[in-house]
Every structure is written in structure tokens, then in C-alpha cells.
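[1] what shape does this take:
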Amino acid sequence: MRSRLFYSQGRRSVLINRKIAAILFGVATSVLAVAVPAECADAPQWMHALVNVPLPAHDEKTDAVVLYSEENLNVLSTDKMKRVVRVAYKILRPGGREYGMVAVPFNSNSKITGLRGWCIPAQGKDYEIKDKEAVDVSLPKTEGSELISDVKVKLLRIPAPDPGNIVGYQYEVEEHPLVLQEIWDFQKQTPVRESHYSLQLPAGWEYKASWLNYPASNPTQAGSNQWQWVLNDLKEIREEDDMPPMSGLQGQMVISFFPPGGPATNGYSSWQEMGIWYRNLTNGRRDASAEIKQKVTALTASAPTTLDKIRILARFVQQDIRYVAIELGIGGWQPHPASDVFSFRYGDCKDKATLLSSMLHEIGVDSYYVAINTQRGSITPETPAYSGFNHVILAIKLPSGVTDPSLVSTMQHPKLGKILFFDPTNEVTPFGQIRGHLQANYGLLVTPDGGELVELSKQPASMNSIRRTAKLTLDPTGRLQGDVEEIRIGDRAWSQRWALRMVTKDIDRIKPIENLLAGSIPNFHITKASVINFQQTDQPFGFNYSFEAENYAKNAGTLLLVRPRVLGSMSKGLLETKEPRKFAVEFDGPVRDTDKFEITMPPGYEVDDLPPPVDADYSFASYHSKTEVTGNVIGYTRTFEVKELSVPVSKAEELKKFYRIIATDERNTVVLKPSK
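    Residues are numbered from 1 along each chain as shown. Reported below is the predicted structural model:
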């Protein structure tokens, strides 16, 4: 399993983040741009049949449409199958030129046996380009980790992918499947006119089809033990800010196939069976070597309680075992033996979970793998059992009677008792907590009885916050100066520690302060700054700093206008668009941020007018602010809290109103007048 990348043998594409995609296509463009020796040769008949077909519904922002897609899978045995894929696009706008780049993944379990591409120009002769002109590109390293992978991508650039032209390609692949399961991703980020999927099984085999985010469609019998599905006029999924993951929105068909007698060793039809499959993959991997046993004894010898021992071992695997993503065949799922991970001192998420589980066993503590997708919403209770996970963490069975309040990422399991979810890959999240993207998320708990889909707990919003306090002084010229303390806990601390992990110079570690001030105050100068608890991950992270800002208060005749919200912005403009919102708005996790600013007024001034208090309380979030005067001090306090992690489209207008209320409050000013 991968923390940062997931490749599923048998799927048509590598699922990679945008940064990796940009690197891949940047490399391909530079390599293929030198010369594209395309031939003037007729495109196949299946493409020419598309020249005059009506386009699927689209708007003026659509860069390209899929005119036709076809995937034919021929399962030959439990360990061999062949796939043929055809796709054709009509390019509508210059931004659609990217669809002229074909990317076909392969690894040690698959072989690309044919790849060709064509272009039918609006005017002129057809172009053809063959697989001998393709280039093989290895997946690049991901930021913050090393990558060991046998996954490569064969890239082919089709000539003249210009507006008005049709581009298409066909490829064939021979595969040795790791799992007897397929996912037909028929809904795209472009409209689709017509999409076909056919399945050929050996005699006596059966299949099970489950549909995600789309009404089920019945197949037609296309031959002996062969079936075909056809879908037409599929709407595109256009990206929106803070939307749910694509895998939780797009229409898909998950299809599992079974030889006579039931699931093969590389197959499953339920979460329970998938858990058994994964348990079998991990059998013996957690066995402790003599070196592991010695290390456990040395680390825990002076620990007074079992919980203390668990903490020590968890921190060892977090801090002393380097994260390295390992993507080699079945190694994408199967962990390395704990003894190897310990000896080499590196491993990926499932390797680190395996080593920690092995070490915990030596102190008499049971633990269980949890496969999970780091994009909340990819897996739900309605999702059929399929390989939609990209990460592995651990569920640790806590000793009976443990009531430590710092252990919040827990659940009471009906058979296992109280278990604690812990991510040994995450180096900077304290033991007892999990990051926001894992909270209220569903994972596959793998126990001796098999697999079980469970929901991880949502932590209190108060455990993920920025608490900012400032004591400031304003002089008659409008100059503001003073001291600020910023305390971060939860993901707020994690994100800053992670962002600064490679920074070695103290002056560079205060860049976040400079960015915050630059976004809040036009003219400022930092006079001193320091970082709090950068290495102590079990303690709140923070900044202490002092600054000066010229002309912060604005003159209006004899009056001074002072914005009491000095630093930071809690409003967002993501819904300020012309088009209506189509998808829910997703928050990273529960949040409770607070600001408390005290501004001492200049001598000879008093308050003439104060902004009104704000109390905006919705089901999904709340915002409260108040501006008061005590003596010669203006006090501004506010609290922003995220209560629900997903805001449905039906509440989009409420969320827009909520952010507008915050934006108005952030612009409000206190009016000062000369004292009588």
C-alpha cells in the first residue's frame, strides 16, 4: 500500500497526484518535442466512424470530449489476462491538446504488446504514430520521501491534437493480475458520448458487478461467457475547490470474477473476504527476530506501565524508521518482514505498521492492520469490497482500564475491546491522535476473523487549532507595534512542522510569520522571532514574534480608523463563482481557531464607534467575534470552529453567507476620536 501513490494492476491508468503528473508530462514533452516521425496513414475505421457523430452535451469551457471508449478484457486464467483499449477524443479548445498525450502504465506483472495513435485532422490527411516512437518514463520521487518502484509509464504523443481534430489510440496489454478484480472508470473529467466494456471469462467462471455513483446497467450477452456493457452521454466531473475525491464521485463499475468453486487465492467478494486475503499476504511478516526482541527489551526496560511501553515503541518506529515508498509488484500490498524493516531502518506505510505490530507483540499487546484511503469519501459504507485503499495504519488494542485523556483516536470494538488508531508513518502527529483526513473516514480493519469496514473517530475540534494572542500599542501617527504568540496543536502544528522539516536556517523558519503579516498588514517590520517546540512533537508548536507596522491606523480628518482584526483571515472566497456549486465542500478536519488581540490606544484618543458583535452559528461551522473597550485598551476576540467535515450542495448558500459574514467582520474598524 502506498502513502502517496497507488497503482492497481489491471487498471487503465496510474493514479498520481498533479505534481507527479506535471513532471511526467514535462519530461515527455521535452523528450518527444524534438521530432515526431508520424506517418501519413489512414486512421482505423472505428475512428472514421466518429467523424460526423453528434457531440455529447458540453459547454463553452469544455476542452475536449470523449467520442468513444472501449475496453475488452479477456481473462485466460487466475494469473493471466489480456486487455485491449481504444479511446478517441474530439479536441474543442487549445486546453484539450493534453489529450494527445497517451500514458499507459506497466510493471513487472504486465507487458504492453501494442500501442498506436492516430489523428484525423479537420482538413488534410490522417496521421499515425506507432509504439516504436513511445518513450518509457519511470515514476518520479514524491516530495518528502524516496520511491522504489517498478511502475513505469509508456508515453506516446499523437501529432496535431489541435481544436477541431480527432485524436485516438489503441493499446494491448498482457497482465498477471494480483487481484481478480477490475474497476471500469467510465465517468471522466470530460463528457463521454459512448463507452463500452466487455468481459470474456473462461468456461465455468462467474462474475459479480457492483456500481458506484451511477445506476446499475445490465449487460448484453456477447458470446459464450462474454458480456458487454454500454453507456451513453456521460456528464463530465468538473473540478471544484475543496470538492470530495474524484473516486467518491465518478461513476464506476467494480467487477470481480471467480473460477469454479469460489474466489481464488487472489480474489474476494466482500470486505470480510478481502480481510482474509490481506491477512494471508501478511502471514509470518510480523515474526520478531532476535534483534527486534533485544531492541524492545532495551527500549522498554525502564517504562513503568504497558501504555508507556507502547508510546516508546510507537515513537521509535515513527522517528527511527525512515519512510521509503516501495512499489514493486505485490509489494504494493504485501509488507516486508519486520526483521528486514528493522535491519535496514526504512520501509513504507505497511512496513512501518508491520514492524510496530511485531514490537508490540513482544510486550504482550495485540494490534491489527487498517487499510484506508487518505482521501476521505473514497470509501463509504455503500462501497463494495475493492482495492480502493492507498495507506496502512495500525489499530492497537489498549490494556484494559486505560483512561488516558490524550488517547482520543479510539473506538470501542464489540470483540476486540478498546482500540487506538495510530499512523506510524506520520512522524509529527502525537501518539493518541490521527490527522484530519483519517478522521470520520472508513478503513478496513483486518482481524483474525477477516476484514471489517469501520469508521475512525472524529476528534474534538479543540484538538486542532491556532491560538493567536497579541498585545499591541498604537501611537498617534497610526504606527502599531507589539508582541504576538501563536500556539498550534493538531494538524495545525503538523502542517507547519512538516513544511519546515528541511529548513536549517533560523531566518528561514520565520517565513510563515512573514507570509501571515504580508497577507494582513501592508507595511511591517519583524523585530524579533523564535520557534517554539519544533522538535518536541508531543508539545504544542508555535511562534513568538514582535513587529512594527507604519500607518496601520488610517486618518479620516481628526479620526483614526483601526481594524481590530490585526492578523489572519478565516474567510474564503471558494463559493464566489458565477456557476452554481455541484459538489459538497470538504474540510480537512475539525478545527477551532481563536484570536485575542489587545490594542492600547494612543494618548489623547477615545472610542467613538465599535463594530457590532458577530454570532454566526450553522450546523457545519460557527464564528463568533466581539470588540470591547476596557480603559484605554481595545480588545478583539473571535472563534472559528468547523463542526461538520462535509457541507452538502444544499447548504452551499449558507456556507457562502457564512464566509461573507466573516469577511465583513474582518474589514470592520474601530473609530477613535480625540478626547475632550
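
[2] please name the residues that touch the residue nearest to Lys554 when sequence neighbours are not counted.
    Distances taken as C-beta to C-beta, 6 or more residues apart in numbering put Leu561 closest to Lys554, at 4.6 Å, once the chain neighbours are dropped. For every residue, glycine as well, the C-beta is placed using N, CA and C. By C-beta atoms under 8 Å, 6 or more residues apart in numbering, the contact list for Leu561 reads Ala553, Lys554, Asn555, Thr669, Val670, Val671, Leu672.

[3] pretty sure Ile513 sits against Ser530.
    No. The pair Ile513 / Ser530 is not scored as a contact, 10.0 Å apart, by C-beta atoms under 8 Å.

[4] looking at these two, which one has more neighbours?
    Set side by side, Ile513 and Ser530 show more neighbours around Ile513, with 20 against 12, by other C-beta atoms under 10 Å.

[5] which of the three states applies to that one?
    What DSSP: H, G, I helix; E, B strand; the rest coil gives for Ile513 is helix.

[6] how far away is it from Leu67?
    Separation of Ile513 from Leu67 (C-beta to C-beta, to the nearest Å): 53 Å.

[7] before we move on, back to that, give the ChimeraX command for selecting the buried subset of the contacts of Leu561.
    In ChimeraX, selecting the buried portion of the contacts of Leu561, with burial taken from 16 or more other C-beta atoms under 10 Å, looks like this:
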select :553,669,670,672
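
[8] and the furthest pair within the contacts of Leu561?
    Asn555 and Val670 (14.0 Å; C-beta to C-beta).

[9] report the mean per-residue pLDDT for stretch 425-435.
    Mean pLDDT, stretch 425-435: 91.

[10] distance between the ends of that stretch?
    In stretch 425-435, first residue to last residue: 11 Å (C-alpha to C-alpha, to the nearest Å).

[11] kindly report the same for stretch 294-309.
    First-to-last distance for stretch 294-309 - C-alpha to C-alpha - comes to 14 Å.

[12] show me what counts as buried in that stretch.
    For stretch 294-309, the neighbour count (16+ other C-beta under 10 Å) marks Lys295, Val296, Leu299, Thr300, Thr306, Leu307, Lys309 as buried.

[13] for the second one, give me phi and psi.
    The phi and psi values for Val296, taken as degrees, to the nearest 10, are phi -60, psi -40.

[14] same thing with the first one?
    As for Lys295, its main-chain torsions (degrees, to the nearest 10) stand at phi -70, psi -40.

[15] residues contacting it?
    Phe316, Phe342, Met359.

[16] where does the first one land in three-state SS?
    The three-state assignment at Phe316 reads helix, by three-state DSSP.

[17] Arg638 against Pro613, yeah?
    No. Applying C-beta under 8 Å, one finds Arg638 not in contact with Pro613, separated by 9.8 Å.

[18] which one's more surrounded, those two?
    Each of Arg638 and Pro613 has its neighbours counted (other C-beta under 10 Å); Arg638 has more, 24 against 13.

[19] so what's the more buried one closest to, chain neighbours aside?
    Of all residues beyond its chain neighbours, the one nearest Arg638 is Ser625 (3.7 Å), with distances taken as C-beta to C-beta, 6+ apart.

[20] tell me the contacts of the one you found?
    By C-beta under 8 Å, 6+ apart, the contact set of Ser625 is Arg565, Pro613, Val614, Tyr636, Thr637, Arg638, Thr639, Asp665.

[21] can you rerun that using 6 Å?
    Val614, Arg638, Asp665 (C-beta atoms under 6 Å, 6 or more residues apart in numbering).

[22] nearest to Glu175 among those residues?
    Checking the contacts of Ser625 against Glu175 by C-beta to C-beta gives Arg638 as the nearest, at 56.4 Å.

[23] what about the closest one, which SS state?
    strand.

[24] that one contacts Asp595, doesn't it?
    Yes. If you go by C-beta atoms under 6 Å, Arg638 and Asp595 touch, sitting 5.1 Å apart.

[25] ok, back up a step: looking at the buried residues of stretch 294-309, which are in helices?
    Lys295, Val296, Leu299, Thr300, Thr306, Leu307, Lys309 (DSSP state H).

[26] my read is that the fourth one contacts Ile310, right?
    Think Thr300. No. At 9.0 Å, Thr300 and Ile310 do not qualify as touching, with contact defined as C-beta under 6 Å.

[27] contacts for stretch 178-195?
    Residues contacting stretch 178-195 (C-beta under 6 Å, 6+ apart): 9-11, 56, 58, 64-69, 197, 231-232, 234, 236-237, 250-257, 264, 266-267, 330, 387.

[28] typo on my end, stretch 634-643
    461, 564, 570, 587, 590-599, 620-628, 670.

[29] can you select the buried ones from those residues in ChimeraX?
    A single ChimeraX command is used to select the members of these judged buried by 16+ other C-beta under 10 Å:
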select :461,564,570,587,590,591,592,593,594,595,597,598,599,620,621,622,623,624,625,626,627,670
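
[30] ok, the residue nearest to Val392 when sequence neighbours are not counted to Asn390 distance?
    Among residues not flanking Val392 along the chain, Lys350 sits closest, at 4.0 Å (C-beta to C-beta, 6+ apart). Plainly put, Lys350 is 11 Å away from Asn390 if you go by C-beta to C-beta.
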